[in-house]
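A.B. asks: got a sequence here, can you build the structure:
(one chain, ligands or ions: 1)
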Amino acid sequence: MAQLHVIDQAGNAHTLDTVEGWRVMELLREQKVGLEGQCGGACLCATCHVIVAPEWADRLPPPREEELEKLDELPVLEPTSRLSCQILWSDGLDGLTLTLPEPV
Ligand code: FES
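C.D. replies: Predicted structure coming up:
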């Protein structure tokens, strides 16, 4: 099974099981690593903010305008910041590594 690697807000590493076609936000929320995903994936809340490992940033589909606008509203943004509800999991992403941003 393809795996997703996550560093949580306390700096702990997790390796998560994945489901093809799920949003990355759903995988993170379901496996309780400390991600909220308040709006359920409607691109309205930005509580699903993640920082993608730099080596993965160009391997993901680029963000749509709607995602970029929502990211812009965050107080702290990294160059590889993404909204995890806008990334659909496929097994081609096996090994994707994300970090959850520190609370602001
Ligand atoms: S879950 Fe709300 S913007 Fe992603």
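A.B. asks: how about the most centrally placed residue in the chain, what does it touch?
C.D. replies: Closest residue to the average C-alpha location of the chain: S84 at 3.0 Å, with Cα atoms, centre = their mean. Contact analysis of S84 by Cβ atoms under 8 Å, 6 or more residues apart in numbering lists 23-25, 28, 35, 37, 48-50, 98. Any C-beta I mention is one placed from the backbone N, CA and C, and that applies to glycine too.
A.B. asks: tell me the most packed of those residues, by neighbour count.
C.D. replies: For those, the largest number of neighbours (other Cβ atoms under 10 Å) sits with V24, at 29 neighbours.
A.B. asks: can you give me the pLDDT of that residue?
C.D. replies: At V24, the model reports a pLDDT of 98.
A.B. asks: correct me, but it touches W56?
C.D. replies: No. Between V24 and W56 there is no contact under Cβ atoms under 8 Å: 11.3 Å.
A.B. asks: residues shared between the contacts of the two?
C.D. replies: With Cβ under 8 Å, 6+ apart as the test, V24 and W56 both reach L96.
A.B. asks: what residues does the chain put near the ligand?
C.D. replies: 25, 37-39, 41, 43-48, 70, 83, 85 (Cβ under 6 Å from any ligand atom).
A.B. asks: same thing but at 5 Å, please
C.D. replies: 37, 39, 43, 45, 48, 83, 85 (Cβ under 5 Å from any ligand atom).
A.B. asks: going along the chain, name the strands of the protein.
C.D. replies: Along the chain, counting by DSSP state E, strands occupy 3-7, 13-17, 49-52, 81-83, 97-99.
A.B. asks: among those, which is nearest P62?
C.D. replies: Evaluated over the strands of the chain, closeness to P62 peaks at strand 81-83, with 9.8 Å, by Cβ to Cβ.
A.B. asks: direction included, what does that closest one pair against?
C.D. replies: strand 49-52 (antiparallel) (DSSP bridges).
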